[in-house]
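Q: sequence first, then the predicted structure, then my questions.
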Amino acid sequence: MLTDVEFAAMFSGRAIALRRTAYLLCGDWHRAEDLTQTAFVKCYAALGRLREPAAVDAYLRATLLHTYFDDDKRAWRRRERATDQLPETGGTPSDPLEDRLLMLEALAAVPPRQRACLVLRFYDDLSVEETAAALECSVGTVKSNTARGLDALRRVLGDAAHDLVPTGGTHR
């Protein structure tokens, strides 16, 4: 079990990375901050049940995901709005910042479960098995959601997808 001092150290070491993951999931820095804080509060409340430090990190990630999915289901929250026109990209961006902004915009168009698989697999660099454990689903579900998510990204990105979205092969 972690002490308060150890938990504070873990918070200092994990808060920024967890907030970035939350941002990639929801696309809004304020909401990402709320999701991250909620995940840490729930994790702190569960410290008595968590025996190993590795379990705390896994619990924290799972709590973030559960909080995101629960929050995303609430009708009173800000919703993504479908549009019949994609934003103009002006061809394949050459600026890394433009690439990142374009990817974030495209990621926002991917359904939440698929987006979670993409973020955990390619941003957090988790294996298929680790992603399945974090999302509490089967390995096959992670594989299919990842494939569908990548397809959705490719559709949204169009020509820019060649430079920004992984193709074929396996990623761990």
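A: Nice, thanks for sending it over.
Q: hmm, who's touching stretch 39-51?
A: 1-2, 7, 11, 15, 18, 22, 56, 59-60, 63-64, 67 (CB atoms under 8 Å, 6 or more residues apart in numbering). No exception for glycine: its C-beta is placed from N, CA and C like everyone else's.
Q: 6 Å instead, please
A: Applying CB atoms under 6 Å, 6 or more residues apart in numbering, the contact partners of stretch 39-51 are 2, 11, 56, 59-60, 63-64, 67.
Q: excluding its backbone neighbours, what's nearest residue 110?
A: residue 152 (4.7 Å; CB to CB, 6 or more residues apart in numbering).
Q: what's the spacing between the one you found and residue 130?
A: Relative to residue 130, residue 152 is positioned 22 Å away (CB to CB, to the nearest Å).
Q: what does residue 142 give?
A: 9 Å.
Q: repeat for residue 3
A: 27 Å.
Q: who has more neighbours, those two?
A: residue 130 (17 against 9; other CB atoms under 10 Å).
Q: tally of neighbours for residue 12?
A: 9.
Q: okay, it and residue 6: tell me how far apart.
A: In terms of CB to CB, residue 12 sits 11 Å off from residue 6.
Q: hmm, which helix or strand of this structure has the shakiest average pLDDT?
A: For the chain, counting by mean pLDDT, DSSP states H and E, helix 161-164 ranks last in confidence among helices and strands (a mean of 64).
Q: how about stretch 17-28: buried residues?
A: Going by neighbour count (16 or more other CB atoms under 10 Å), the buried part of stretch 17-28 is 18-27.
Q: in JSON lines: the residues you listed, plus secondary structure, pLDDT and distance to residue 115.
A: Formatted as JSON lines, the buried residues of stretch 17-28 follow (DSSP: H, G, I helix; E, B strand; the rest coil; pLDDT from 0 to 100; distance: CB to CB, whole Å):
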{"residue": "18", "secondary structure": "helix", "pLDDT": "95", "distance to residue 115": "16"}
{"residue": "19", "secondary structure": "helix", "pLDDT": "95", "distance to residue 115": "16"}
{"residue": "20", "secondary structure": "helix", "pLDDT": "94", "distance to residue 115": "14"}
{"residue": "21", "secondary structure": "helix", "pLDDT": "93", "distance to residue 115": "11"}
{"residue": "22", "secondary structure": "helix", "pLDDT": "94", "distance to residue 115": "12"}
{"residue": "23", "secondary structure": "helix", "pLDDT": "93", "distance to residue 115": "11"}
{"residue": "24", "secondary structure": "helix", "pLDDT": "92", "distance to residue 115": "8"}
{"residue": "25", "secondary structure": "helix", "pLDDT": "91", "distance to residue 115": "6"}
{"residue": "26", "secondary structure": "helix", "pLDDT": "89", "distance to residue 115": "9"}
{"residue": "27", "secondary structure": "coil", "pLDDT": "88", "distance to residue 115": "9"}
